[in-house]
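Q: structure here, sequence nowhere to be found:
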């Protein structure tokens with residue numbers, strides 16, 4: 001669980017030379033307090049941002065968080081369906097190459113609407129049924 005507090009300053013006159021920051025309109029401080037249920041540990045983190053957007057704390061807090069939500073969802077799917085965290089690929093370009101292949105496979109499986117199972121089920125089916133796999137790859141027999 002995470003609780004985030006966003007504070008924004010629009011009074012740029014507090015800066016030494018605000019004119020050196022072209023387009024600067026606001027300064028942000030985000031304080032995050034996380035509680036890990038599994039370990040019962042609490043962590044705190046403070047991050048600072050500069051922005052060309054007007055000082056609107058709720059909006060800026062949402063905008064900063066949005067990309068992380070999408071990123072976390074993608075990594076969760078890749079880990080659950082493809083077991084990326086358990087991968088032993090460490091040498092050379094192997095980790096990046098296999099990650100790219102997993103993302104391509106994930107996109108192909110997400111586009112498939114012929115069966116109503118999750119990504120993990122589709123992946124297993126593609127591994128065992130060429131009649132399912134080949135149309136996914138758009139390969140003609």
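A: Now that the structure is in, tell me what you want to look at. Computed from a predicted model, the values in this text were never measured in an experiment. Residues are numbered from 1 along each chain as shown.
Q: can you give the domain ranges for the chain?
A: Domains of the chain are assigned by automatic domain parsing as 2-60, 87-137.
Q: from the chain's centroid, how far away is stretch 123-141?
A: Distance, stretch centre to chain centre, for stretch 123-141: 28 Å (Cα atoms, centre = their mean, to the nearest Å).
Q: show me what counts as buried in it.
A: For stretch 123-141, the neighbour count (16 or more other Cβ atoms under 10 Å) marks 123, 125, 126, 136 as buried. C-beta coordinates here come from the backbone N, C-alpha and C atoms, glycine included.
Q: avg pLDDT for the helix or strand containing the second one?
A: Looking back up the chat, that one is residue 125. Element membership for residue 125 (DSSP states H and E) is helix 119-128. Across helix 119-128, the average pLDDT comes to 91.
Q: tell me what that helix is packed against?
A: Other helices and strands packing on helix 119-128, by 3 or more Cβ pairs under 8 Å, 6 or more residues apart in numbering; DSSP states H and E, are helix 57-82, helix 94-111, helix 130-137.
Q: mind putting those into TSV with distance to residue 4?
A: Listed next are those as TSV, based on distance: least, Cβ to Cβ, whole Å:
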stretch	distance to residue 4
helix 57-82	6
helix 94-111	28
helix 130-137	39
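Q: nearest to residue 34, of the ones you listed?
A: helix 57-82 (12.8 Å; Cβ to Cβ).
Q: so for that closest one, mean pLDDT?
A: Here the average pLDDT along helix 57-82 is 74.
Q: nearest to residue 81, out of the domains of the chain?
A: Closest among the domains of the chain, using Cβ to Cβ: domain 87-137, at 4.3 Å.
Q: what's the spacing between the closest one and its chain's center?
A: With Cα atoms, centre = their mean, you get 19 Å for domain 87-137.
Q: same check, this time on stretch 85-103
A: 18 Å.
Q: ends of it, how far apart?
A: Distance across stretch 85-103, first residue to last, is 14 Å (Cα to Cα, to the nearest Å).
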